[in-house]
Each structure stands twice: as C-alpha cells, then as structure tokens.
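Novice: any chance you could fold what I've pasted below:
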Amino acid sequence: MAKATIEVFVDHVEHSIGGFGGHAFRRATHVTMAIIPYLYYVHGNDISSTFQLAPDQFVTLVCISILIIEALRIRFGIVIVGQREYESDQISALAWGALAVSLALLIAPQKGELMEAGLYGAPIILGMTIVDPVMGEIKRIKKDLRLAIGFGLLVSYGVWLTCYYWLGTDLILVALLAPLTVAGELPKTNVIDDNATMVLFPLAGLVLLYPFL
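Specialist: Predicted coordinates:
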C-alpha cells in the first residue's frame, strides 16, 4: 500500500532536472502544446507546403524525427532541463506526447475548414495539454487523488464543452470522452506515459463511436 501511495503522490520537483525551475519549464511546455491544433488546422497547409509536403505528411515526418532523436537520447542517457531523472533510460513524456498527438491529428476525422476541422482532434489534444498539469499539480501539492480527479473532470468537461460551442463537437462525445481524458491520467506504469494515454483513451473512444455519429 505504501508503495502505491508513493507512486501516485511522488513530488516530481525533486526528480526534475533543474529542480522547481525545471519542473515549471516542463509544465509551461506542456500547456504551450495547446497551440498545436491551431497550427495544424488553421496554418497546417501553409507550414507543410514550405517543405513541399501535405499537412499529414509533415506531422508524420516531425513525429518520426522526434522518435529518432529520442532513441539517440536514450542511447546516450541524456536528460535535459525539465526532464526527470528516470527518463535517462526510458521513453520520455515528451516523446510519448508527440506520438499520441500525432496520432490524434492523423486519425481524428475532420469536418469543415480551419479550426472547425478539428472538432474531434482539438478537444482530445487540448484535454491532455490542460488537464494533465492541473491534475499533476493537485496531486503533487494536495496529495489528494479524489480532489485531482474532481478538478480534472471539471477542467476536462470545460475543454470539451468549449469545443462543443466553438467547433460543433458532438455533445454525446463531450459526455463520454471527457472522462476518458481524466482516466488516461490515472494508470501508473513505466510502460507508457500518461501524456500518451490521456490522448489515446479518448481517441480510441472516438474511433469506436464515430460510426454511430
């Protein structure tokens, strides 16, 4: 029981390269990823055409590049500011997040133009980038899992409802997938990071439900 408690409520500041500054940098980077849906759905064609690629090809190329760099980083045991000590010999949260976000952009169906095309992909990605830091900080500071889950659900539903009013995301998906974003933060395993599961859980739910929409 004690071991499970330590795993859930570990203070990541103590294990972050750069201490609290590194931890804050990691959180800021995480939240900044919220701009990705805007860049992809609104400016994706302009950005990718610079490299003579389609938007989905550009996403794939960037993801593969990150994974290659990640493999080299692990091979030489490199950790940078904001990363945690244990990431020196395993896939980092950043790499997991990059893979999951790339899959969301490539797999989530698109309808309409500009941001409206991201009525499914945007809430999935925004959920991870916003909900994860909120839940992580509550667990770190308050050491209260129920409180973290409660606030996580409020924030997740806020994100999904915003996309319902803003982009036209189906209300049934708001009801069913917002909790999956939070559920993706709960598993504690060294096999896969919650940056991935917080995207892959609702993405899997979307793929299964989409034929009925």
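Novice: got the contact list for the most centrally placed residue in the chain?
Specialist: Among the residues of the chain, the one closest to the centroid is residue 128, at 3.6 Å (CA atoms, centre = their mean). For residue 128, the contact set (CB atoms under 8 Å, 6 or more residues apart in numbering) comprises 33, 97, 100, 101, 181, 184, 195, 198, 199. Using the backbone N, CA and C atoms, a C-beta is placed for each residue, glycine as well.
Novice: 7 Å instead?
Specialist: 181, 195, 198, 199 (CB atoms under 7 Å, 6 or more residues apart in numbering).
Novice: what's the farthest-apart pair in those residues?
Specialist: 181 and 195 (11.8 Å; CB to CB).
Novice: those two: which has the busier surroundings?
Specialist: Counted by other CB atoms under 10 Å, residue 181 and residue 195 do not tie: residue 181 has more neighbours, with 30 against 25.
Novice: in this structure, which spans are strands?
Specialist: Here the chain has no strands by DSSP state E.
Novice: residue 47: neighbour count?
Specialist: 14.
Novice: repeat for the one 4 residues further on
Specialist: By other CB under 10 Å, the residues close to residue 51 number 11.
Novice: can I assume it is in contact with residue 59?
Specialist: No. Counting by CB atoms under 7 Å, residue 51 stays clear of residue 59, with 11.5 Å between them.
Novice: find residues that contact each of those two.
Specialist: Shared contacts of residue 51 and residue 59, defined by CB under 7 Å, 6+ apart, are absent.
Novice: state the distance from the residue nearest to the centre of the chain to residue 71.
Specialist: The span separating residue 128 from residue 71 equals 23 Å under the rule CB to CB, to the nearest Å.
Novice: what of residue 148?
Specialist: 32 Å.
Novice: what about residue 32, distance to residue 148?
Specialist: As defined by CB to CB, residue 32 lies at a distance of 22 Å from residue 148.
Novice: now residue 197
Specialist: Residue 197 sits 15 Å away from residue 148 when distances are taken as CB to CB.
Novice: which one's more surrounded, residue 32 and residue 148?
Specialist: Set side by side, residue 32 and residue 148 show more neighbours around residue 148, with 25 against 10, by other CB under 10 Å.
Novice: I figured that one hits residue 135, correct?
Specialist: Yes. With contact defined as CB under 7 Å, residue 148 counts as touching residue 135 (4.5 Å).
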